[in-house]
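Trainee: Return a 3D structure for these sequence lines:
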Amino acid sequence: MSPRFLAISGAVTAVILLAGCSPTQATQDGDPANQAASTNQDVDLLNVSYDVSRDFYREYNALFSTAYKAKYPGSEVAVNQSHGGSSKQALSVANGLQADVVTFNQNTDMNLLVEKGLVASDWQQALPNNAVPYTSTMVLLVRTGNPKNIQDWQDLARTGVEVVMPNPKTSGTARYAFLGAYGYGLHHFKESMSMKEPLPTQTNAYIKDLLANVVTYDNGARAATTSFTQRMLGDVLITTENEAHLAVKEFAKGRVEIVYPSYSIAINNPVAVVKTVADKNGSTDAANAYLKGLWDKPAQQLMAQMYLRPSDKEVLAANKNTLPNIDTFEPVAVFGSWEQIMDTIFVDGGLYDRLARRQ
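Mentor: The predicted model follows:
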């Protein structure tokens, strides 16, 4: 796929690179003395991010570029973006994609880069709120009028309901979809989760029926949205709250509507500087400023406008009409650490594979 270039503000150009594209790299020599923040020097940043964050970061890039130029009048910053399934993106960075910053939706994707020595081990202490500027949750997107009368997670397991979701092997959003449905099952059937046999029988039976209804597994969340809204596959799309709202407002206006489940999963979206790359590119100061700016009020308000749940409680409360309270659970509180989740649920031959297997 070829790079697609998009101007985001007057003299500043942000480049959105679709997943799999090779970004234009900064031309600085990596000497800390050449950091753009301390000189009249232009800087390029590459933000490698997950699939459905592209719309928010497109807007945030313009906001940040304007603020950066006001602070350093002789400098301009161009932000390049690459989007895809969160885990696929993390693997690309681990294999050499030259990201200055990464903005994921799952901690294990960040941990991979820590293990590779690309991200500092104390990345969660480098920024507020454990380096999570906003959260989200999983909701259900249905056709206008809700012809299949889908009201909650359990309805996705009914005979005759066709489900669209991304692939949990490549997409962090898809893992949240599976865990959201499974966590609902545990809550609904009053069962508890144990990584040892026997596993919750009613929840497993319900999840097996739900997965049998999946008509397509796309590589990322935006591809799943396209399958549902443009290819017209399925009766219901499992997706993030912000992606569902964008579909209602833009992608499929008048053709879809949102169903909030009674109980869903909390999604944390961690961010970090890829220190080894930023130091080499001479972009560390700009990269740090880019991420720190996510906690500024204008950025937090932009998150709310884009249907992401800002970490600033005042901003979140001011947007309760579009970001309603919803009963959520933390995945690590129900399933154990993310390392346990990956090793027992999403590993090859794990719980997900066993339940998704079609007889």
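Trainee: so what pLDDT did Ala223 get?
Mentor: In this model, Ala223 is scored at 92, pLDDT.
Trainee: For it, give its distance to Arg255.
Mentor: 18 Å (CB to CB, to the nearest Å). All C-beta atoms are positioned from the backbone trio N, CA, C, and that covers glycine.
Trainee: just Met193 next, same as before
Mentor: The value you get for Met193 to Arg255, if CB to CB is used, is 37 Å.
Trainee: Between Ala223 and Arg255, which is the more surrounded one?
Mentor: Ala223 (22 against 14; other CB atoms under 10 Å).
Trainee: List the contacts of that one.
Mentor: 51, 166 (CB atoms under 8 Å, 6 or more residues apart in numbering).
Trainee: again, but for Val334
Mentor: 179, 183, 186, 193.
Trainee: how about 6 Å then?
Mentor: Val334 makes contact with 183, 193, according to CB atoms under 6 Å, 6 or more residues apart in numbering.
Trainee: so how far is Phe189 from Leu294?
Mentor: Distance from Leu294 to Phe189, by CB to CB: 38 Å.
Trainee: do Ser121 as well
Mentor: 39 Å.
Trainee: more neighbours, those two?
Mentor: The neighbour count for Ser121 versus Phe189, taken as other CB under 10 Å, is higher for Phe189 (16 against 10).
Trainee: For Lys116, see how far away the closest residue to Gly117 other than its chain neighbours is.
Mentor: Once flanking residues are discounted, Gly117 sits nearest to Thr276: 6.7 Å by CB to CB, 6 or more residues apart in numbering. Counting by CB to CB, the gap from Thr276 to Lys116 is 9 Å.
Trainee: got a list of what the residue nearest the centre of the chain touches?
Mentor: Among the residues of the chain, the one closest to the centroid is Asn105, at 4.0 Å (CA atoms, centre = their mean). Shown in contact with Asn105 (CB under 6 Å, 6+ apart): 50, 86, 172, 267, 269.
Trainee: The stretch 51-200 of the chain: strands as residue ranges?
Mentor: Along the stretch 51-200 of the chain, counting by DSSP state E, counting those that start in this stretch, strands occupy 77-84, 101-103, 134-143, 163-166.
Trainee: For the ones you listed, which has the smallest mean pLDDT value?
Mentor: Looking at the strands of the stretch 51-200 of the chain, the weakest mean confidence is strand 77-84, a mean of 91.
Trainee: How is this protein divided into domains?
Mentor: 4-133+269-295, 136-267+327-356 (automatic domain parsing).
Trainee: Dump those domains to TSV, plus distance to Tyr307.
Mentor: Shown next, in TSV, are the domains of the chain (distance: least, CB to CB, whole Å):
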stretch	distance to Tyr307
domain 4-133+269-295	9
domain 136-267+327-356	4
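Trainee: picking that back up, secondary structure class for the residue nearest to Gly117?
Mentor: helix (DSSP: H, G, I helix; E, B strand; the rest coil).
Trainee: on that earlier part again, need the contacts of Asn105 in a markdown table with distance to Ala157 and neighbour count, can you?
Mentor: Below are the contacts of Asn105 laid out as a markdown table (distance: CB to CB, whole Å; neighbours: other CB atoms under 10 Å):
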| residue | distance to Ala157 | neighbour count |
| --- | --- | --- |
| Tyr50 | 27 | 29 |
| Ser86 | 26 | 33 |
| Gly172 | 23 | 27 |
| Ile267 | 22 | 27 |
| Asn269 | 28 | 27 |
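Trainee: now, which of those sits nearest Leu127?
Mentor: Of all the contacts of Asn105, Asn269 has the smallest distance to Leu127: 11.9 Å, by CB to CB.
Trainee: Give me the neighbour count for the spatially closest residue to Lys88 that is not a sequence neighbour.
Mentor: Leaving aside its sequence neighbours, Lys88 sits nearest to Thr170 (CB to CB, 6+ apart; 4.8 Å). Other residues near Thr170 come to 22 when the count uses other CB under 10 Å.
Trainee: I'd like the distance between Thr170 and His83.
Mentor: 13 Å.
Trainee: same thing with Asp296?
Mentor: 23 Å.
Trainee: the more surrounded of these two?
Mentor: His83 (26 against 15).
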